[in-house]
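Participant: pasted the sequence and its predicted model underneath.
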Amino acid sequence: MKKLITILLILTMTFSLFVGCGNEQKKASSDVDIAYYAYSSEPILNWDPSVMFSNGVVVLNNVYETLLRFDPGTKEFIPVLATEYSSSEDGLTWNFKLREGVKFHDGSDFTAEDVKYSIERTMALGQGASYIWFAVDTIDVVSDYEVQLNLMYPSAMDLAAACPYAAFMMPTEIADKPDNWFEGGNEIGTGPYVLESNSMGDEVILSSYADYWQPWSDNQFEKVIFKKTTETSSRRQMIEKGEADIVSELPSEDIEALKDNANVVVESVPSFTNLLGMFNTEKAPLNDVNVRKALSYAFPYNDVVDYAAGGYASQSTGVVPEGMWGHSEELMQYNLDLEKAKSLLEEAGYGEGELKLLLTYMSGDEVEKKAAELYKAELSKIGVDLEIRGMNWESQWELSMATNPDDRQDIFFIYWWPDIASPYSWMYSLFHTEESILFNLSYYSNETVDGLIDEASGLGGTNIEKAEQLFVEAQEIILDEAAALFTIDKTVQWVQNPTFKGFVDNPAYPRVIFFYDCYREK
């Protein structure tokens, strides 16, 4: 605690120096070189690595590690805790050979028993992205440093092993911890950073792990701060003044202005992130497909691309974003057609002024806010009253989980990015029937779609062409039933301090900065 207080005092005393020194190296004011990530939302919501399935990906991928890491640019897998792997011809047996000499943050050795325990624990809890392991039947420990996964049906276990969610390795000692141990803000990973302090929903501070299996150099960051900074103006001010090292999710007009600022570096990169408006299909009037189609034809797609996203996006075609296999340009697209929208509403029995709807979006996100405002303006032209409500993520989430569908929102704006680098991430998470609500926030259920998704998932490890065809067929049905608004596929704009080096965006790990790879330029 004294150590933390000392650090915070140092930060407080040097704050004014940061403001004045701009891009001067922060280490000049302290013996500790600190990386500061001003994040647009809560940095973490749950410390359980088997359960976390939201913002916490940005933190946990620096504390825990997976067996592999996927590079979508090369479509190759990078060894992390597994040094090599192989699979049988039928895709039912996968062997992973493990890295030796790796230690968990409690000092215990990483072995095959830990891999078996981690996967089985995640499967048993059945939360978050645990579905990435659904194909696993049994797990055999071949030796201290080799594990074999035996599957019930073919599946791409290399993609599962590289997933930024639900694929984290933890020690068997976790089994001896109290049930609420993670809730207290605890961790035992193998990653380069350990948890130093946690203010839930606001700030996380990590410190470098001295016994990390890779070596440390002098210019790497000894501490990393993840700070919730919802106001875009605050994030811009922090990066311009040198108080933050890296930010994203700034309005397009800020990005354009910052391109001319020599004190920052702006980088625009492709992403697998798309924005969807999830229709509450369990609640009138959105339980009527004609109403949902009408609302789809009333969305100003081009204006959202040009003005809300400032041109840093393209209109979505289907559920799966461009660049990900399973995406098809042959799928139908809705377009802005108010006459058609009005006709569909009349067919559904609704006249002007009879529909009042609630759309929620995450406060602090300017693209969502502007898209909602543009949508509201178009809907008003056909007599639909749209209330738009900016909410913090936890409040937006809580409303969507209301037991009574009538108490929930009508439209939920949500970004989706991959947990696993496969169409399955979008299709299963967002549109497969759920017994308990997780991310299917349209509350959509279609047995045919479920069957197509399940069959495609089984073929992903052996016949990717057939799997892709099935995913496209499922999207055709989802689009025809207008289960959601498919609005834009985004690019990502990162704004960085010029002394912050080494960061390479990986769209398979959205918003994640692997801080071990980053350093301060001397």
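Facilitator: Thanks, I have it. Residues are numbered from 1 along each chain as shown.
Participant: where does the stretch 1-150 of the chain have low pLDDT?
Facilitator: Within the stretch 1-150 of the chain, the stretches falling below the threshold (pLDDT under 70) are 1-31.
Participant: would you list every one of the helices in the stretch 51-200 of the chain?
Facilitator: Secondary structure of the stretch 51-200 of the chain, counting by DSSP state H, counting those that start in this stretch: helices at 57-63, 112-125, 157-161.
Participant: tell me which of those helices sits most buried.
Facilitator: helix 157-161 (a mean of 25; mean count of other CB atoms under 10 Å). Placement of C-beta: from N, CA and C, glycine included.
Participant: contact partners of that helix?
Facilitator: Helix 157-161 is contacted from outside by 66-68, 70, 77, 82, 85, 87, 94, 96, 132-133, 135-136, 149, 151, 167, 420-422, 460-461, using CB atoms under 8 Å, 6 or more residues apart in numbering.
Participant: can you check stretch 90-103 too?
Facilitator: Surrounding stretch 90-103, the residues in contact under the criterion CB under 8 Å, 6+ apart are 67, 79-88, 109-112, 115, 142, 145-151, 153-158, 161, 190, 211, 213, 461-462.
Participant: distance between the ends of it?
Facilitator: Length of stretch 90-103, first residue to last, CA to CA, to the nearest Å: 34 Å.
Participant: surely Y64 touches E187?
Facilitator: Yes. The pair formed by Y64 and E187 meets the contact definition of CB atoms under 8 Å, at 7.4 Å.
Participant: overlap in contacts of those two?
Facilitator: P49.
Participant: run the chain-centre distance for the strand or helix carrying L345.
Facilitator: Using DSSP states H and E, the secondary-structure element containing L345 is helix 338-347. Taking CA atoms, centre = their mean, to the nearest Å, one finds the center of helix 338-347 at 35 Å from the center of the full chain.
Participant: helices or strands up against it?
Facilitator: helix 289-297 (3 or more CB pairs under 8 Å, 6 or more residues apart in numbering; DSSP states H and E).
Participant: ok, and for the helix or strand following the helix it packs on, which residues are buried?
Facilitator: Proceeding N to C from helix 289-297, the next assigned helix or strand is helix 301-303, under DSSP H and E. Buried residues in helix 301-303, counting neighbours by 16 or more other CB atoms under 10 Å, are found at 301, 303.
Participant: what subset of the contacts of stretch 90-103 is buried?
Facilitator: Taking 16+ other CB under 10 Å as the criterion, what is buried in the contacts of stretch 90-103 is 67, 80-82, 85, 87, 110-112, 115, 145-149, 151, 153-158, 161, 190, 213, 461-462.
Participant: just those: which are in strands?
Facilitator: Members of those lying in strands (criterion: DSSP state E): 82, 85, 87, 146-149, 151.
Participant: which one of those residues is nearest M123?
Facilitator: Within these, the smallest distance to M123 is 11.2 Å, found for L149 (CB to CB).
Participant: for the closest one, list each beta-bridge partner.
Facilitator: Taking DSSP bridges, one obtains W94, I139 as the residues bridged to L149.
Participant: where does W494 sit: helix, strand or coil?
Facilitator: Three-state assignment for W494 (DSSP: H, G, I helix; E, B strand; the rest coil): strand.
Participant: per-residue confidence for it?
Facilitator: At W494, the predicted lDDT confidence score is 97.
Participant: tell me the bridge partners for it.
Facilitator: On the basis of DSSP bridges, W494 is bridged to E267.
Participant: show me what contacts it?
Facilitator: Counting by CB under 8 Å, 6+ apart, the residues that W494 touches are 246-248, 266-267, 269, 503, 505.
Participant: thinking again about what came up before, what strands line up against the helix or strand that comes right after the helix holding L345, and which way round?
Facilitator: Per DSSP H and E, the first helix or strand lying C-terminal to helix 338-347 is strand 355-362. For strand 355-362, the pairing partners within the sheet under DSSP bridges are strand 384-391 (parallel), strand 411-416 (parallel).
Participant: deepest of the ones you listed, which one?
Facilitator: Highest mean neighbour count among those (mean count of other CB under 10 Å): strand 411-416, a mean of 22.
Participant: per-domain residue ranges of this structure.
Facilitator: As assigned by automatic domain parsing, the chain contains the domains 2-60+191-264+497-520, 65-175, 270-491.
Participant: mean pLDDT for those: which is lowest?
Facilitator: Within those, the stretch with the lowest mean pLDDT is domain 2-60+191-264+497-520, showing a mean of 84.
Participant: ok now the host helix or strand of G451, how far from the chain's centre?
Facilitator: Using DSSP H and E, G451 falls within helix 447-459. Put simply, helix 447-459 sits 23 Å off its chain's centre (CA atoms, centre = their mean).
Participant: in whatever helix or strand comes next after it, what's buried?
Facilitator: As assigned by DSSP H and E, the chain's next helix or strand after helix 447-459 is helix 464-480. Along helix 464-480, the positions that meet the burial threshold by neighbour count (16+ other CB under 10 Å) are 467-476, 478-479.
Participant: chain neighbours aside, what residue packs nearest to the residue positioned nearest the centre of the chain?
Facilitator: Residue closest to the mean C-alpha point of the chain, counted by CA atoms, centre = their mean, is W417 at 4.8 Å. Distances taken as CB to CB, 6 or more residues apart in numbering put P510 closest to W417, at 3.6 Å, once the chain neighbours are dropped.
Participant: is that neighbour in a helix, a strand, or coil?
Facilitator: Secondary structure state of P510, per three-state DSSP, is coil.
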